[in-house]
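Peer 1: Quick one, fold the following:
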Amino acid sequence: MSKNFFGTDGIRGTVGEDPMTADFAIRLASAAAQVLVPAGGTVLIGKDTRLSGYMFESALEAGFTAAGADVLLIGPLPTPGIAYLTQELNADLGVVISASHNPYYDNGIKFFDGSGSKLTDEVEAAIESHLEKSAITLDSKSIGKATRIDSAPASYQSFCASTLPADVNLDGLKIVFDGANGAGYKVGPRILANLDAEVIPIGCSPNGRNINDGCGSTNPGLLQSTVPAIGANVGVALDGDGDRVVLVDELGQLVDGDQILYVLATAWQQDGRLRGPVVGTVMSNLGLERALQKQDIDFRRASVGDRYVLETLKESGGVIGGETSGHMIMLDQTTTGDGLICALQVLAIMKQSGKPLSDLIAGMPKYPQTMLNVRTDKRLNPDDSPQIRDAVTAAEGELADTGRIVLRASGTEPVIRVMVEGQDEKQVVSVAERLAAVVAEAAS
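Peer 2: Residues are numbered from 1 along each chain as shown. The predicted structure follows:
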């Protein structure tokens, strides 16, 4: 289904450029209200810490109230917190103002329906069908009102804590928490401290412009140096909107989403919590697949994007899946990716097992992986090029059963991503460079 504005995770772009303008946000709110909010219905609006969040919050509030919806303003809170509160407060629609892991000069708008789930393609297309029209304004007796909900963070904090086993707290754990100067900067440290952990916060001083800047899950270098330097047990890093998490073990080693999946899946299998297959993506490390096979755990790959992981989980009856980036979904706890809840599950396993994180990930050796981005002057599907197909077939023969190749076109920029992984790092790099050269020639 063709859509002009909605991407894989809402609408996103550079602030001040179409579509990320105040005028567009008003029209978007009006369109969403007409499609999803019944007369007198309620909309929940949350955001991350970007400076432009104030502008978009006001614009969305105006568009929704003018269309007759009551608005609940939450302020800065992780994206999964908005999904949870949309259900908890019986709202008809949840709205998040965030560009996730992007720099501060970008922003975005995404929606959750009344069940806390992301919208279907059909619903997004229905919203887009109203965007060419002017925003509606009802008469005075029919417009909505706006209310700020100050208790929302505490409610979400309690929910996160409730996902731990009743007999588990975090006493004795020294945790460095990196909030990416984003939406989780307050609730993250509070949740951990309330569970009796010793918390050292970094990346928890947002100024509107420093979100994801040298911190957070996309820039974990400071966390990796801080954890071993102060003798912490573990480091936790969210992205700007708090739906992704990566960890750092006591040695300063980065623990990505694939390794987190391994830790959770193997522990849940032992205690009977695991149901159905574990779901990764086509980019998940081959080491994860092989390690789970050794534990007789079914593993399946979805297309890149959390919505596709979610679809595969629902189709297969699984409860846990995620991406290498740390976007983890646990359907027995949440409806969408939640970095804080995911981190809590790993911390609980550390407490219950008495093992450091380095031991918990030891059973999953990571295969060397190389990713090269080849810029193209024209739109190119690698599968449609005989030249590329022949090169891939030859490379797969060279790697045999010790490696894997993925070529895919980026959904956001004119780039073909060439990913090669295998047991021999030199071979992986060589194969990737040769394939990238073939792709570049075919795309010229």
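
Peer 1: Low-confidence ranges, the stretch 1-150 of the chain, go.
Peer 2: 1-2 (pLDDT under 70).

Peer 1: which SSE is residue 84 in?
Peer 2: Under the criterion of DSSP states H and E, residue 84 resides in helix 79-88.

Peer 1: export that helix as CSV, just CAs?
Peer 2: In CSV, the C-alpha atoms belonging to helix 79-88 read as follows (Å, rounded to 0.1, in the frame of the first residue of the first chain):
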residue,chain,number,x,y,z
THR,A,79,7.9,5.5,23.7
PRO,A,80,6.8,2.2,25.4
GLY,A,81,5.6,4.2,28.3
ILE,A,82,3.2,6.0,26.0
ALA,A,83,2.0,2.7,24.6
TYR,A,84,1.4,1.4,28.2
LEU,A,85,-0.4,4.5,29.4
THR,A,86,-2.6,4.6,26.3
GLN,A,87,-4.1,1.4,27.5
GLU,A,88,-3.9,2.2,31.2
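
Peer 1: and that helix, what does it pack onto?
Peer 2: strand 42-47, strand 70-76, strand 93-97, strand 106-113, helix 152-162, helix 339-353 (3 or more Cβ pairs under 8 Å, 6 or more residues apart in numbering; DSSP states H and E). The C-beta positions use only the backbone N, C-alpha and C, and glycine is treated the same way.

Peer 1: at 6 Å instead, please
Peer 2: strand 42-47, strand 93-97, helix 152-162 (3 or more Cβ pairs under 6 Å, 6 or more residues apart in numbering; DSSP states H and E).

Peer 1: buried stuff in that helix?
Peer 2: Neighbour-count burial for helix 79-88, counted by 16 or more other Cβ atoms under 10 Å, picks out 79, 80, 81, 82, 83, 84, 85, 86, 87.

Peer 1: how far does it sit from the chain's center?
Peer 2: 15 Å (Cα atoms, centre = their mean, to the nearest Å).

Peer 1: can you tell me which residues contact residue 256?
Peer 2: Applying Cβ atoms under 6 Å, 6 or more residues apart in numbering to residue 256 gives the contacts 246, 324.

Peer 1: Now the phi/psi pair for it, please.
Peer 2: Dihedral pair for residue 256: phi -90, psi -170, per degrees, to the nearest 10.

Peer 1: that older thread, quick check, nearest of the buried residues of helix 79-88 to residue 183?
Peer 2: Of all those, residue 183 sits closest to residue 79, with 7.0 Å by Cβ to Cβ.

Peer 1: if I pick that closest one, what's in contact with it?
Peer 2: 96, 241, 242, 243.

Peer 1: Save those as JSON lines, and put in neighbour count, distance to residue 163 and secondary structure too.
Peer 2: As requested, the contacts of residue 79 are exported to JSON lines (neighbours: other Cβ atoms under 10 Å; distance: Cβ to Cβ, whole Å; DSSP: H, G, I helix; E, B strand; the rest coil):
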{"residue": "96", "neighbour count": "29", "distance to residue 163": "20", "secondary structure": "strand"}
{"residue": "241", "neighbour count": "36", "distance to residue 163": "19", "secondary structure": "coil"}
{"residue": "242", "neighbour count": "31", "distance to residue 163": "15", "secondary structure": "coil"}
{"residue": "243", "neighbour count": "32", "distance to residue 163": "15", "secondary structure": "coil"}
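
Peer 1: out of those residues, what pair is the most spread apart?
Peer 2: Farthest apart among the contacts of residue 79 - using Cβ to Cβ - are 96 and 242, which lie 10.0 Å from each other.

Peer 1: domain parsing for this structure?
Peer 2: Residue ranges for each domain of the chain read 11-150, 155-360, 369-443, as given by automatic domain parsing.

Peer 1: In TSV, list those along with distance to residue 3.
Peer 2: Shown next, in TSV, are the domains of the chain (distance: least, Cβ to Cβ, whole Å):
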stretch	distance to residue 3
domain 11-150	6
domain 155-360	13
domain 369-443	12
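
Peer 1: Compare those domains and report which one is nearest to residue 4.
Peer 2: Closest among these, using Cβ to Cβ: domain 11-150, at 6.1 Å.

Peer 1: Start and end of the closest one, how far apart?
Peer 2: 27 Å (Cα to Cα, to the nearest Å).

Peer 1: Next one: residue 255 from residue 60, what distance?
Peer 2: According to Cβ to Cβ, to the nearest Å, residue 255 and residue 60 sit 36 Å apart.

Peer 1: what does residue 286 give?
Peer 2: Distance from residue 286 to residue 60, by Cβ to Cβ: 43 Å.

Peer 1: Just checking: what are the partner strands of the helix or strand encompassing residue 235?
Peer 2: For residue 235, the element it lies in under DSSP H and E is strand 234-238. If you go by DSSP bridges, strand 234-238 pairs up with strand 174-178 (parallel), strand 245-248 (antiparallel).

Peer 1: ok, which stretches of the stretch 101-250 of the chain are helices?
Peer 2: With DSSP state H, counting those that start in this stretch, the ranges of helices along the stretch 101-250 of the chain come out as 121-128, 152-162, 187-194, 221-229.

Peer 1: Indicate which one of the ones you listed is closest to residue 48.
Peer 2: helix 187-194 (12.1 Å).

Peer 1: what's the average pLDDT for the longest helix anywhere in the chain?
Peer 2: For the chain, the helix with the greatest residue count under DSSP state H is helix 425-443. Averaged across helix 425-443, the pLDDT comes to 93.

Peer 1: what does it rub up against?
Peer 2: 368, 370, 372, 374, 376, 380, 385, 387-388, 391, 395, 416, 418, 420, 422.
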